[in-house]
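# The following block contains a protein sequence and its predicted model.
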Amino acid sequence: MKKLKSLKGIPEERVQEMIASDPDSPELTDDELAAMRPFAEVLPDLAAKMKNGVTQRPVGRPPAAQKKASVSLRLDQDVLEKFKSTGPGWQTRINEALRRATATH
């Protein structure tokens with residue numbers, strides 16, 4: 001998620017200019033603010049699910065059938081660069097290469 005910049009030290013006039021120049025988020029009028037209703041009133045079913053944690057997605061990857069062990073491994077620089085040059089998933093490919101090498105012995 002992109003970190004927002006602090007508005008500290010920016011004059012209020014400049015902040016208001018920034019708000020006014022944002023076409024995706026126009027400032028609400030007093031009438032629009034007065035017409036607003038609480039989220040739980042507008043979408044009670046969804047609000048109840050959120051309150052009960054039903055809509056929460058699990059954090060992180062799903063548990064693997066076979067857990068991995070974190071290790072520190074020293075490799076020749078050219079070997080490491082070769083695997084990394086193949087893009088994301090290079091650590092998985094190293095694991096697969098080691099698995100193939102150990103299966104033949």
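Yep, that arrived. Numbering: from 1, shown residues only.
# what's the longest helix anywhere in the chain in contact with?
Taking DSSP state H as the criterion, the chain has its longest helix at helix 90-103. Contacts of helix 90-103 with the rest of the structure, by Cβ atoms under 8 Å, 6 or more residues apart in numbering, involve K68, F83, K84, T86. Quick note: C-beta positions are derived from backbone N, CA and C, even for glycine.
# Whichever of those end up buried, select them in PyMOL.
Selection of the buried residues among those in PyMOL, burial being defined by 16 or more other Cβ atoms under 10 Å:
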select buried, resi 83
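# In helices, which of the contacts of helix 90-103 appear?
Of the contacts of helix 90-103, the ones assigned to helices by DSSP H are F83, K84.
# okay, the contacts of helix 90-103 in TSV with distance to L75 next?
Converted to TSV, those look like this (distance: Cβ to Cβ, whole Å):
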residue	distance to L75
K68	17
F83	8
K84	10
T86	14
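# For the contacts of helix 90-103, could you give me CSV that also reports distance to D45 and pLDDT?
CSV is the format used below for the contacts of helix 90-103 (distance: Cβ to Cβ, whole Å; pLDDT from 0 to 100):
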residue, distance to D45, pLDDT
K68, 40, 86
F83, 49, 94
K84, 47, 95
T86, 46, 93
